[in-house]
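K.L.:
one predicted model, sequence on top.
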Amino acid sequence: MAKAAKSQFVCQSCGAVASRWAGKCAGCGEWNTLVEEQSGALAPGSGLSSTSKGRVIQLESLKGETRDTPRIHTGVEELDRVTGGGFVPGSALLIGGEPGIGKSTLLLQVAAAIANKGGRAVYFSGEEAVAQVRLRAERLDLAECPVELAAETNLANILATLSDGKPADLIIIDSIQTLWADALEAAPGTVSQVRAATQSLIRYAKHTGSALILVGHVTKEGSIAGPKVIEHMVDTVLYFEGERGHAFRILRTVKNRFGPTNEIGVFEMATKGLREVKNPSELFLGDRDVDAPGAAVFAGMEGTRPLLVEIQALVAPSPLGNPRRAVIGWDTNRLSMLLAVLDARCGVSLAQCDVYLNVAGGMKINEPSADLAAAAALLSSFSGVPLPTDRVFFGEISLSGAIRASSHMPTRLKEAEKLGFASAVIPAQGEVDKKAGKLKLDRLGHLKLLAEAFSPCK
């Protein structure tokens, strides 16, 4: 007699299981995330069966022949950079981003590029009808590309379609939260359905050697919705970032088993789709106000790519008892630490001022080497003295006010010199190739030296 399915409550945020419903998840602390699901049904292809004893598998040693990982070049250079040289056959890639950021547009362009090279690209849309995808293809001038298209959300139908004919070179699922399996008594988008669909599709991709791309929704915090285990199951995780008010889009690598992480690809949204940006530094430095104080150019690194961006600061007297602190594109806690260091170590107090900090172009900076550029922008705005337009800054500031060395210093300086900058303010420590570059280097060991340059006596 078959065992009856039992109900359980699964958190849609962290995947924790509870025997009864509660308003708050005990695992992650989120409210109203527990959804009732049936526990008796097994995920398709899960291998969990009471009658299966399993088989003995052959174990191998670490020593053996290794070959370079083959790649499927997408024809989009920025995407190839982010993925480490192209898609690996049999790999699974998860891409997330806010609605309307351009995920479907980018993937349609990639599918068309691979299909034009003679590969088989299959696009499954779970959110749009075939007619809607065709309209996008016409707008992008891709209607004549031999991309195979279907609007389907049933997992069994998708796997049966993929098995009919030769294996596809590229499979796109847009999006994974819309798929559902017959064997599970749960609504599409729940933890059980998303996990089962991802597991079955990855198993098919590994078996046939197809490159699989899954599109994932994001939560209001910006992370990919669904259980975190999905990000562990796939080989590569990409985030598509950008501000709706800007035309720039940034594709960032968070996880990559076949290449480096923290790489970025820069795109610009145009009338004919996403256009690659070959030199993003020139893009992020455009339309600068050379006479306004509070703007400093930061020479940063995103993965292996040097990138120059402008950090803007505005310091104004505050009429409030608790002054405002607003940050866009940088860490708010990092700004608070920097203000405390300026007060305690340099004697520059901004406690009675509103402080606004912005990274131009919608760029988001995560590395601590931006401390020196942010401090220069704050001091410039506070004193009203503009910074030289041909000078770049980078360096990490410690709690003692010391300026610590940064990684890839020669690469940063080379990029600045290539874009026409004449001088750089950098940490006193760290090796640089003095003969290779023509930049004038001002090496600082403490933040107080920079603050003294903006004092009235100077």
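P.N.:
Yep, it's here.
K.L.:
what does the average pLDDT come to for whichever helix in the chain runs longest?
P.N.:
Counting by DSSP state H, the longest helix found in the chain is helix 191-208. Averaging pLDDT along helix 191-208 yields 91.
K.L.:
cool, stretch 165-176 as well?
P.N.:
On average, stretch 165-176 scores 93.
K.L.:
just stretch 412-423 next, same as before
P.N.:
Averaged across stretch 412-423, pLDDT comes to 90.
K.L.:
end to end on it, go ahead and measure it.
P.N.:
12 Å (CA to CA, to the nearest Å).
K.L.:
so how far is it off the chain centroid?
P.N.:
Distance, stretch centre to chain centre, for stretch 412-423: 27 Å (CA atoms, centre = their mean, to the nearest Å).
K.L.:
quick one: contacts of it?
P.N.:
Here stretch 412-423 makes contact (CB atoms under 8 Å, 6 or more residues apart in numbering) with 281-282, 285, 297, 299-301, 306-308, 388, 390-392, 394, 406, 424, 426, 432, 436-442. The way it works is simple: take the backbone N, C-alpha and C, and place the C-beta from them, glycine included.
K.L.:
go ahead and confirm residue 91 touches residue 236.
P.N.:
Yes: between residue 91 and residue 236 there is a contact under CB atoms under 8 Å: 6.7 Å.
K.L.:
quickly list what's touching both of the two.
P.N.:
257-258.
K.L.:
returning to what we had before: which of the contacts of stretch 412-423 are buried?
P.N.:
Among those, the ones that count as buried by 16 or more other CB atoms under 10 Å are 281, 285, 297, 299-301, 306-308, 390-392, 394, 406, 424, 426, 432, 437, 439.
K.L.:
phi, psi for residue 178 please.
P.N.:
Per-residue torsions, residue 178: phi -90, psi -10 (degrees, to the nearest 10).
K.L.:
hmm, back to that, elements contacting the longest helix of the chain?
P.N.:
Helices and strands touching helix 191-208, by 3 or more CB pairs under 8 Å, 6 or more residues apart in numbering; DSSP states H and E, are strand 7-11, strand 34-38, strand 92-97, helix 155-163, strand 170-174, strand 211-216, helix 229-233.
K.L.:
I'd like these as JSON lines, with distance to residue 131 and mean neighbour count appended.
P.N.:
Below are these laid out as JSON lines (distance: least, CB to CB, whole Å; neighbours: other CB atoms under 10 Å):
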{"stretch": "strand 7-11", "distance to residue 131": "35", "mean neighbour count": "19"}
{"stretch": "strand 34-38", "distance to residue 131": "32", "mean neighbour count": "18"}
{"stretch": "strand 92-97", "distance to residue 131": "24", "mean neighbour count": "24"}
{"stretch": "helix 155-163", "distance to residue 131": "19", "mean neighbour count": "16"}
{"stretch": "strand 170-174", "distance to residue 131": "15", "mean neighbour count": "25"}
{"stretch": "strand 211-216", "distance to residue 131": "19", "mean neighbour count": "26"}
{"stretch": "helix 229-233", "distance to residue 131": "30", "mean neighbour count": "16"}
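K.L.:
low-confidence ranges in the chain?
P.N.:
For the chain, applying pLDDT under 70 flags the ranges 1-5, 39-52, 66, 220-222, 225-227, 243-245, 286-287, 434-436, 455-458.
K.L.:
thinking again about what came up before, what's the closest of the helices and strands packed on helix 191-208 to residue 69?
P.N.:
Residue 69 lies closest to strand 211-216 among these, at 12.0 Å (CB to CB).
K.L.:
off-centre distance for that closest one?
P.N.:
15 Å.
K.L.:
quick one, it and helix 155-163 angle?
P.N.:
Between strand 211-216 and helix 155-163, the angle comes out at 150 degrees (axes from the mean of the first three to the mean of the last three CA atoms, to 10 degrees).
K.L.:
can you tell me what sits against strand 211-216?
P.N.:
With CB under 8 Å, 6+ apart as the criterion, strand 211-216 contacts 72, 87-96, 103-104, 107, 110, 169-177, 198, 201-202, 204-205, 224-226, 230, 234.
K.L.:
try 6 Å
P.N.:
Strand 211-216 has contacts (CB atoms under 6 Å, 6 or more residues apart in numbering) with 72, 87, 89, 91-96, 103, 170-176, 201, 205, 224.
K.L.:
downstream of the longest strand seen in the chain, the next helix or strand is which one?
P.N.:
Criterion DSSP state E: the longest strand present in the chain is strand 305-317. From strand 305-317 onward toward the C-terminus, using DSSP states H and E, the following helix or strand is strand 325-328.
K.L.:
does residue 296 sit in a helix, a strand or a coil?
P.N.:
strand (DSSP: H, G, I helix; E, B strand; the rest coil).
K.L.:
quick check: it touching residue 374?
P.N.:
No: Residue 296 is not in contact with residue 374 according to CB atoms under 6 Å; the separation is 7.4 Å.
K.L.:
before we move on, back to that, among the contacts of stretch 412-423, which ones are in helices?
P.N.:
Per DSSP H, these map to helices at 281-282.
K.L.:
hmm, back to that, show me what the longest strand of the chain is packed up against.
P.N.:
For strand 305-317, the contact count by 3 or more CB pairs under 6 Å, 6 or more residues apart in numbering; DSSP states H and E identifies helix 280-284, strand 295-302, strand 353-359, helix 371-383, helix 409-418 as packing neighbours.
K.L.:
I'd like the ones you listed written out as CSV, with distance to residue 190 added.
P.N.:
Formatted as CSV, these follow (distance: least, CB to CB, whole Å):
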stretch, distance to residue 190
helix 280-284, 39
strand 295-302, 35
strand 353-359, 37
helix 371-383, 43
helix 409-418, 46
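K.L.:
follow-up on the earlier one: adding distance to residue 351, write the helices and strands packed on helix 191-208 out as CSV.
P.N.:
Shown next, in CSV, are those (distance: least, CB to CB, whole Å):
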stretch, distance to residue 351
strand 7-11, 42
strand 34-38, 45
strand 92-97, 38
helix 155-163, 58
strand 170-174, 50
strand 211-216, 43
helix 229-233, 41
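K.L.:
for residue 141, find the nearest of these.
P.N.:
Comparing these under CB to CB, the one sitting nearest is strand 170-174, at 19.1 Å.
K.L.:
how far is that closest one from where the chain is centred?
P.N.:
A distance of 19 Å separates the centroid of the chain from that of strand 170-174, by CA atoms, centre = their mean.
K.L.:
now do stretch 54-65
P.N.:
36 Å.
K.L.:
first-to-last residue distance for it?
P.N.:
Stretch 54-65 end-to-end distance (CA to CA) = 29 Å.
K.L.:
please shift the residue numbers so they start at 58 in all later answers.
P.N.:
Okay, using 58 as the starting number, the last item reads as stretch 111-122.
K.L.:
if we can go back for a sec, list residues touching both of residue 353 and residue 431?
P.N.:
residue 368.
K.L.:
now the end-to-end length of stretch 323-341.
P.N.:
End-to-end span of stretch 323-341 (CA to CA): 11 Å.
K.L.:
quick check: buried residues in it?
P.N.:
323-324, 326, 330-332, 334, 337-338, 340-341.
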